[in-house]
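# next input, structure requested:
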Amino acid sequence: MQMRHAVHVGGAESMEMHVVGPTLQDVAAEAGVSVSTASRALSGGKVKAATKRVVLEVARQIGYKTDLDDDLPTPGRTGNIALLATDIQNFYTVDLFRSVVLEAQAVGYRVFLADINITLGRDQLIRGILDSSDGVLVAAPRIGDDDIRRLFDPKTTVLVSRRVDGFSSVAMDDSSGMFQAVRHLASLGHGRVAYLGGDDRSRADARRRQGFEDATEKLGMESLVLGPFEPSFEGGVNAADALMMEDDVTAVIAYNDLMASGVLNRLLERGVKVPEQVSLVGFDNSMLAQVSRPKMTSVAMRQNDSRTALQMLMAMLERNGSDDYVFEPETASATESLIVRESTGPAPKE
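Residues are numbered from 1 along each chain as shown. Okay, the predicted model is just below:
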């Protein structure tokens, strides 16, 4: 590669030298592209994502600087992906983050995690993260459809466990998982079952509650819905106290594993045997369900949703740099299955 240097010599009292570094033509030649393509890649214009990465890497290696900035701009290629969630203490969020990090790092991305379940400063937080990220996964957001459309770019966003018109998404079939849980309890002879609801702002809770009511009606079971409760261990403790005030309930399904663990702990504290007196089912099939004693029966949802969502986002970002790319939102459904463990058993005999 040939570098050009310009030298200007002044009068006898002064001599000034200006050294011009690598030029746009140098970048284009090293990258094997035209000057116009290199220019678009460096200015955020439309080029293939793979081409943009090559041009940016060449520019870094040879020390190319733009006239507008001392630092090399990297529009659309920060190497970062954001995962935005509404409940980072939930074991589902922890499992999701771990899966996304492993998948993203394998293809050269870093992952930011942020909790957007706040009111003050939420929009500023989101915009700041988006400015530093190439794309974003938004997991089970408790914000309205209009706010999602206002805050996020459909071309660089994938929703997880949520569907909004115009956005790509990976959504769960909560009704299928709930039906499997209710049918399992019916097969064990339980006739009166309860659902312990989570946050009443949660769309997942609304879907599970409706699935519970539909399943119990179809199977001819008596149902009881209690809540809403905080979707946490403490919320599960409170839900168990409410449950103890009801008669003849021999089985219960909790909104998530974290709540179910609180229910389990409180029932055992009060001398109620699980599953001999009350059977218990959670949702998420998190690590918590596997390490509790007794081990909890749980609906295994979102087993591959993180991988599916990330792959969908990667494909969107890759196509987004193409000249002929026309964005079309995609949707995918993640299947659920019931994992039976020690916390469910036959209904107690009269």
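# from here on, just use CA atoms for contacts and neighbour counts.
OK.
# what are the buried residues along the helix or strand harbouring Gln180?
According to DSSP states H and E, Gln180 maps onto helix 174-187. Buried residues in helix 174-187, counting neighbours by 16 or more other Cα atoms under 10 Å, are found at 174-186.
# try stretch 230-242
Judged by neighbour count (16+ other Cα under 10 Å), stretch 230-242 contains these buried residues: 230-240.
# related to what we said a few turns ago, possible to save the buried residues of helix 174-187 as CSV with pLDDT and distance to Arg208?
Formatted as CSV, the buried residues of helix 174-187 follow (pLDDT from 0 to 100; distance: Cα to Cα, whole Å):
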residue, pLDDT, distance to Arg208
Asp174, 80, 6
Ser175, 86, 6
Ser176, 90, 9
Gly177, 92, 9
Met178, 95, 6
Phe179, 96, 9
Gln180, 96, 12
Ala181, 97, 11
Val182, 98, 11
Arg183, 98, 14
His184, 98, 16
Leu185, 98, 16
Ala186, 98, 17
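# show me what Ala251 is bridged to.
Residues in a beta bridge with Ala251, per DSSP bridges, are Val193, Ser279.
# so who does it touch?
If a contact means Cα atoms under 8 Å, 6 or more residues apart in numbering, then Ala251 has 185, 190, 192-194, 278-280, 347 as its contacts.
# could I get these as TSV with distance to Gly166?
Below are these laid out as TSV (distance: Cα to Cα, whole Å):
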residue	distance to Gly166
Leu185	39
His190	43
Arg192	41
Val193	38
Ala194	36
Val278	44
Ser279	41
Leu280	38
Ala347	46
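# hmm, back to that, among the buried residues of stretch 230-242, which are in helices?
With helices identified by DSSP state H, the entries of those that belong to them are 233-240.
# wait, which of these is closest to Arg149?
Using Cα to Cα, the shortest approach to Arg149 within those belongs to Gly235, at 31.6 Å.
# which stretches of the chain have low pLDDT?
Counting by pLDDT under 70, the chain contains low-confidence residues at 1-21, 44-46, 49, 65-77, 301-304, 321.
# turn the buried residues of stretch 230-242 into CSV, including distance to Gln25.
As requested, the buried residues of stretch 230-242 are arranged in CSV below (distance: Cα to Cα, whole Å):
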residue, distance to Gln25
Glu230, 60
Pro231, 58
Ser232, 59
Phe233, 61
Glu234, 63
Gly235, 63
Gly236, 65
Val237, 68
Asn238, 68
Ala239, 68
Ala240, 71
